[in-house]
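Undergrad: turn this into a structure:
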Amino acid sequence: MAQQEVQNGGAEKTATVKFTAMKPQLIVEAPKAVDAVQFYKTAFGAVEAGRTVYPKGKAEQEFPHILSAQLELAGSTIVVSDIADSAAPVKNEGTGCVLCLETEDVEAAITKAVGAGAVAEGEITEGDGACYGGRVGKVKDPYGYVWLICSAAKKCGGVEA
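TA: Modelled structure (predicted):
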């Protein structure tokens with residue numbers, strides 16, 4: 001009906017929606033979320049802001065699974081979760097998700113991430129071959145997520161449109 005009104009010259013009413021935050025959720029194979037949280041703290045300096053756990057379900061389950069752990073990282077919030085036993089298996093690789101962190105010292109950030117358990121992928125690139133025109137390196141964390149570690153692009157002064 002609303003589409004018909006628009007075709008006849010009427011205006012369709014839509015609600016204005018304003019998002020207040022975007023929180024990427026990184027889902028890892030249970031019970032690895034505890035380790036993932038520690039990795040993100042060690043490798044990237046994340047600060048844990050809160051945690052909700054599933055109730056302990058099985059006698060052989062040593063720790064409760066994490067429903068959500070909220071981490072503050074570079075002015076943003078990410079959520080890390082164990083995949084629920086009842087959920088379908090999650091495949092991290094090939095999902096098209098790449099997380100970018102910006103820093104002034106790309107080499108040090110990559111070294112720190114590798115020291116915490118990430119694997120460096122490729123060489124650090126600079127200039128036209130790098131994202132955003134700065135320097136960039138890439139690491140894959142132990143849970144399959146790819147992180148680009150980038151420096152800010154140099155500002156172009158005096159450019160006219």
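Undergrad: tell me how far residue 25 lies from residue 78.
TA: Between residue 25 and residue 78 the distance is 7 Å, computed by Cβ to Cβ, to the nearest Å. (C-beta placed from N, C-alpha, C; glycine too.)
Undergrad: which of these two has more residues huddled nearby?
TA: residue 78 (20 against 10; other Cβ atoms under 10 Å).
Undergrad: surely that one is within a helix?
TA: No. Counting by DSSP: H, G, I helix; E, B strand; the rest coil, residue 78 is not found in a helix; it is strand.
Undergrad: verify the stated contact: it with residue 21.
TA: No. Using Cβ atoms under 8 Å, residue 78 is not in contact with residue 21; the gap is 11.0 Å.
Undergrad: correct me if wrong, but residue 38 is in a helix.
TA: Yes. Counting by three-state DSSP, one finds residue 38 located in a helix.
Undergrad: can you pull the pLDDT of it?
TA: We have a pLDDT of 97 for residue 38.
Undergrad: neighbours around it, how many?
TA: Residue 38, neighbours per other Cβ under 10 Å, totals 14.
Undergrad: okay, it and residue 13: tell me how far apart.
TA: Residue 38 is 49 Å from residue 13, by Cβ to Cβ.
Undergrad: go on, residue 152?
TA: Remark: distance between residue 152 and residue 13 (Cβ to Cβ) = 42 Å.
Undergrad: who has more neighbours, the two?
TA: residue 152 (12 against 7).
Undergrad: tell me if I'm right that residue 148 and residue 103 touch.
TA: No. In this structure, residue 148 is not within contact of residue 103 by Cβ under 8 Å, at 10.8 Å.
Undergrad: point out where this protein drops to low pLDDT.
TA: Applying pLDDT under 70 to the chain flags residues 1-12, 56-63, 84-96, 127-133, 153-161.
Undergrad: what about the strands in it?
TA: With DSSP state E applied, the chain shows strands at 25-28, 47-53, 66-73, 76-82, 98-102, 119-126, 135-140, 146-150, listed in chain order.
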